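Engineer: Below is the sequence, then the predicted model.
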Amino acid sequence: MLYQPTEKHEKLRDEIREFAEAEVKPITFQLDQNNEFPMDQVQAMKRKGWFGLPFSEEYGGQGEDILSYAIAVEELSRVDGGTGVILSAHTSLGTWPIYAFGTEEQKKKYLPDLLKGEKLAAFGLTEPNAGSDAGGTQTTAVDKGDHYLLNGNKIFITNAPKADTYVVFASTDPSKGTRGISAFIVEKGMEGFEFGEHYDKLGIRSSSTAELKFNNVKVPKENLLGELGQGFKIAMATLDGGRIGIAAQALGIAQGAYEAALEYAKEREQFGAPLSQLQAIQFKLADMATKLRAARMLVYSAAELKEAHEPYSKEAAMAKMYASDVCLEIVNDALQIFGGNGYLKGMDVERAYRDAKITTIYEGTNEIQRVVIASNILGKPKKKEAKPAQQKKQPLTGERKNKIFAEGSAQEKVDQLVDALKGEDIDLEEVIDVETPIAEAKKVVAAGKGIGEKENMKLIEDLADALGAAIGSSRPVAEVMQYVPLNRFVGLSGQKFGGDLYVACGISGAMQHLRGIQDADVIVAINNDPNAPIFENADYGIVGDIEEIAPLLTEALKK
């Protein structure tokens, strides 16, 4: 057993490496700097057929094996981790479950475009309260006869909003826990299906990542993937294969960093000789090369097991865990070899250092990988007595009253809110300076992206004036839209608010924002999206247009 890829595999590697070096590498700094999706390069990959590598020719695929796909992800990631995961998420997560669990009609409808790269695919599982614990899914799909009504949110979705086809998981029977989760094929453009903004991430910045928002989305019955209640099984099976892709991504990032460090060590002179002649550097390079070989064997072995239709869950978890763990070690050593030069923006090893970390987190954290490996070694524990129906998880801001005013006219909803606030222990007449530091303010009126154009900040200012409150905002309003100074944004990465009253205007309720207001005594939300997470985390809320509600609320408070 030589443990070597075939000549055909190496030919594919050479082809993809040549493409990555010529088409992706020259723009990696631009992609990273601008948080930019490599659309032209993705189109070129489509023409080469790489989006259909491990799928049968019957549906438009290339008919190659899983190892070919792993090599493709590895070689793209060697140059840019973000570009590598675009292919990985499309192939392993978005397309494979349709290929493996879809009906013949679903395969004929969706696979040809996906395998040719005419359409991009994505996978919607993660939620604010359902990350590693996928069983905590709160997105719902209610049977309405000829369709399912989908409501909820998914976060951290790779390839969103660029993707056209999404495999989405939702609870169809909350009383059954994981056995009540089902999978659906959801298409971009369905009414009520919208996206959040592209996340501003630490690394893999060329990979587009966004939130999915479902507001009464009508999903046809024929878009149920697999059987009703089979969603959790489909998700776990999909993640097993996806881990091979992430392991290959980590391997590629590490390989690129190693090669850069090796070349630099040969060229950089210190103490009258190349760095490579120093034993300390030689030992680092030796360890890096050894870790790379071990990781490659694990990744390729898991790919071969999957191709042979042998059990591979344990091996995929091992490959993902080990490859991503040593990826961090290798890029760290690579940057150390570069010294101060490696710490500068624009250096490949600096970008690789940031790209590497996510591989230990997504598609199952490495802690979860160890759980998977241990369960395969030790066997499943004995079945416990059936648990009662799953309880809804506590909001991120703690227990709240959740009195949401959604019915009636705008004026009626405002009147109900004002009456409710009168019953709270809040001094509505006390006036503080609008520029009072967030952490010191008793009352804050905060603006989110939902307020729209900058001139609408006048609505927020007027409301704050009527309430005698300071002005705050979500992070995008301060950092991206620049409507207010950076010291006004509230959230986990910004200012924390723990005063009497927080009024969130046009703020959807991203996790990092909610963590910044969890100590507020009373939270009020105004948003036109009834499914916005902010409402689950608020004491009172009005479902309505901020441009209509804010002036009415301002006038009511003045009275």
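Structural biologist: Alright, I've got the coordinates.
Engineer: and residue 25, which of the three is it?
Structural biologist: For residue 25, the assignment made with DSSP: H, G, I helix; E, B strand; the rest coil gives helix.
Engineer: Could you find the closest non-adjacent residue to residue 511?
Structural biologist: Excluding the flanking residues, the one nearest residue 511 by CB to CB, 6 or more residues apart in numbering is residue 128, at 5.1 Å. Every C-beta, even on glycine, is put in place using the N, C-alpha and C of the backbone.
Engineer: That neighbour contacts residue 396, doesn't it?
Structural biologist: Yes - in this structure residue 128 lies within contact range of residue 396 using CB atoms under 8 Å: 6.8 Å.
Engineer: Give me the more crowded residue out of these two.
Structural biologist: More crowded of residue 128 and residue 396, by other CB atoms under 10 Å: residue 128, with 22 against 19.
Engineer: Contact partners for the more buried one?
Structural biologist: Residues near residue 128 by CB atoms under 8 Å, 6 or more residues apart in numbering: 153, 155, 396, 511, 533.
Engineer: try residue 137
Structural biologist: 125, 127, 130, 169, 170, 171, 181.
Engineer: Now for the first one, how many residues are close by?
Structural biologist: Just to be clear, that refers to residue 125. Neighbour count of residue 125, defined by other CB under 10 Å: 27.
Engineer: Wait, it touches residue 170, no?
Structural biologist: No - contact criterion CB under 8 Å: residue 125 and residue 170 do not qualify, at 10.1 Å.
Engineer: list the contacts for the residue positioned nearest the centre of the chain?
Structural biologist: The residue lying closest to the centre of the chain (CA atoms, centre = their mean) is residue 156, at 1.4 Å. Residue 156 makes contacts with 126, 199, 209, 211, 362, as judged by CB under 8 Å, 6+ apart.
Engineer: try it again with 7 Å
Structural biologist: Residues near residue 156 by CB atoms under 7 Å, 6 or more residues apart in numbering: 126, 209.
Engineer: tell me the SS of it?
Structural biologist: Three-state call for residue 156 (three-state DSSP): strand.
Engineer: Report pLDDT for it.
Structural biologist: If you check residue 156, the pLDDT there is 95.
Engineer: Same check on residue 206?
Structural biologist: Note for residue 206: predicted pLDDT of 98.
Engineer: Specify the helix with the largest residue count in this protein.
Structural biologist: In terms of residue count, the longest helix belonging to the chain (DSSP state H) is helix 231-267.
Engineer: Which SSE is immediately downstream of that one?
Structural biologist: Counting by DSSP states H and E, the next helix or strand C-terminal to helix 231-267 is strand 269-270.
Engineer: by contact count, what packs against that next one?
Structural biologist: Based on contacts counted as 3 or more CB pairs under 7 Å, 6 or more residues apart in numbering; DSSP states H and E, there is no element that strand 269-270 packs against.
Engineer: any idea of the mean pLDDT in it?
Structural biologist: Per-residue pLDDT over strand 269-270 has a mean of 88.
Engineer: So what are the sheet partners of whichever helix or strand comes after that strand and their directions?
Structural biologist: Going down the chain from strand 269-270, the next helix or strand is strand 273-274, by DSSP H and E. Using DSSP bridges, the strands paired with strand 273-274 are strand 269-270 (antiparallel).
Engineer: Contacts for the partner strand, please.
Structural biologist: Taking contacts as CB under 7 Å, 6+ apart, no residue outside strand 269-270 touches it.
Engineer: export stretch 35-48 as PDB, just CAs?
Structural biologist: The C-alpha coordinates for stretch 35-48 follow below in PDB (Å, rounded to 0.1, in the frame of the first residue of the first chain):
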ATOM      1  CA  ASN A  35     -14.900  41.000   2.000                       C
ATOM      2  CA  GLU A  36     -15.600  40.200  -1.700                       C
ATOM      3  CA  PHE A  37     -17.000  37.000  -3.300                       C
ATOM      4  CA  PRO A  38     -14.800  35.800  -6.300                       C
ATOM      5  CA  MET A  39     -17.700  35.700  -8.800                       C
ATOM      6  CA  ASP A  40     -15.500  35.600 -11.900                       C
ATOM      7  CA  GLN A  41     -13.500  32.700 -10.500                       C
ATOM      8  CA  VAL A  42     -16.600  30.800  -9.500                       C
ATOM      9  CA  GLN A  43     -17.900  31.200 -13.000                       C
ATOM     10  CA  ALA A  44     -14.600  29.800 -14.400                       C
ATOM     11  CA  MET A  45     -14.800  26.800 -11.900                       C
ATOM     12  CA  LYS A  46     -18.300  26.200 -13.200                       C
ATOM     13  CA  ARG A  47     -17.100  26.000 -16.800                       C
ATOM     14  CA  LYS A  48     -14.500  23.500 -15.700                       C
END
